[in-house]
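Next input, structure requested:
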Amino acid sequence: MAVNFGKSPVTGLDDKELLLVSEGYVARPVTVSKDTIADITPVDGHYIIPQGTYLYGKEGSLLVNPQQEAVAVKEKVTKSALTVNSSVVVTAKDEGDLSAYTVAFTKGTKRALSVNFDVKTKALVVTLAVDKAGAITTTYKEVVDAINDDIVANTFVTAELAAGVGEDALAAEAVAAPLSKGGDATVDGDIDGILYHSVDVTDGEATGALIIHGYINVDNMPSVPSAAVKAKLPHIVFGRKD
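Sure, this is the predicted structure:
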């Protein structure tokens, strides 16, 4: 039997509809607090346990002892990445070993910065802009923005400045190098279910709804569930709308 817990009790949050099929799901009340997420940070002064959080009990399964408080279960993912010139970190968006991806910075002949990601060879090449004298004028910040703004490149990778690198630091050439080896996502421990709606725990413990059976719209989850997560939730089916 489905249990209808209604809409999110948190005012001002744009919760999405997690259910792909509104019938036949099963949810149970669950107690959450600031302790549910170890590194929780306030949003506009409120402590929020976000919808889509994977939950388990502090003292064992919530399905066995529903009176206990829930804690978040997190995925651990080591993604393939490369730090170029100790200045720009390029990270694969997908899980797994994507060390076949390569990144290179080349000195161009024009004043325009350009990015090219060859899907076939999996090679990302950033061509740095130069001035009339042939000196590089592109900053590492501009490289990061160009990669993230490129329609093709940002499908596969994301870029950010390495710690301590200033936005005005000029870029330099870098020979093609592969990303490091990444791994598949892992999950420590079990998962009882998925938090249906966001819950405000600013004033202490609060009750939410834990989906333990049903069809979930993967596109409305905070992140795409990994194979490791799906294996922990055999009674939940993740899918997409046509």
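
the longest strand in this structure is where?
strand 206-217 (DSSP state E).

And for that strand, what's in contact with it?
The contact list for strand 206-217, computed with Cβ atoms under 8 Å, 6 or more residues apart in numbering, reads 2-3, 5, 9, 16-21, 24-33, 49, 55, 62-63, 70, 192-197, 199-200, 235-241. Any C-beta I mention is one placed from the backbone N, CA and C, and that applies to glycine too.

The helix or strand just after that strand packs against which elements?
Moving toward the C-terminus from strand 206-217, the next helix or strand (DSSP states H and E) is helix 227-232. Helices and strands touching helix 227-232, by 3 or more Cβ pairs under 8 Å, 6 or more residues apart in numbering; DSSP states H and E, are strand 186-187.

Spell out which helix or strand contains Thr155, please.
With DSSP H and E as criterion, Thr155 is part of helix 153-156.

how about the helix or strand following that helix: buried residues?
Counting by DSSP H and E, the next helix or strand C-terminal to helix 153-156 is strand 157-161. Residues 157-159, 161 are the ones in strand 157-161 that count as buried (16 or more other Cβ atoms under 10 Å).

Need the mean per-residue confidence for the longest helix along the chain.
Scanning the chain for the helix with the most residues, using DSSP state H, yields helix 140-149. Mean per-residue pLDDT for helix 140-149: 98.

In contact with the residue nearest the centre of the chain, which residues?
The centroid of the chain falls nearest to Ser223 when counting by Cα atoms, centre = their mean (5.3 Å). Ser223 sits next to 52, 75 when contact means Cβ under 8 Å, 6+ apart.

Ok, the one 4 residues further on next?
The neighbours of Ala227, taking Cβ under 8 Å, 6+ apart as the test, are 184-185.

Lowest-scoring secondary structure element of the protein by mean pLDDT?
One helix or strand of the chain scores below all others by mean pLDDT, DSSP states H and E: strand 75-76, with a mean of 88.

Point out where this protein drops to low pLDDT.
1-13 (pLDDT under 70).

Now do the domain split for it, please.
Domain assignment of the chain by automatic domain parsing yields the ranges 26-74+187-239, 81-178.

What is the end-to-end distance of the first one?
Okay, so that is domain 26-74+187-239. 17 Å (Cα to Cα, to the nearest Å).

Would you check that Val77 makes contact with Pro225?
No. Taking contacts as Cβ atoms under 8 Å, Val77 lies outside contact range of Pro225: 11.9 Å.

what about the two, which has more around it?
Comparing Val77 with Pro225 by other Cβ atoms under 10 Å, the one with more neighbours is Pro225, at 22 against 16.

who's in contact with the more buried one?
218, 233, 238.

which of these tops the neighbour count?
With neighbours taken as other Cβ under 10 Å, the top of the contacts of Pro225 is Leu233, carrying 21 neighbours.

Please verify my assumption that it contacts Asp190.
No. Using Cβ under 8 Å, Leu233 is not in contact with Asp190; the gap is 9.5 Å.

Could you check how far the residue of the chain most remote from its centre is from Val143?
Farthest-out residue of the chain from its mean C-alpha position, per Cα atoms, centre = their mean: Ala133, at 42.4 Å. Using Cβ to Cβ, to the nearest Å, Ala133 is found at 20 Å from Val143.

And for Ile48?
From Ile48 to Val143 the distance is 35 Å (Cβ to Cβ).

follow-up on the earlier one: of all the contacts of Pro225, which comes closest to Tyr101?
Val218 (24.4 Å; Cβ to Cβ).
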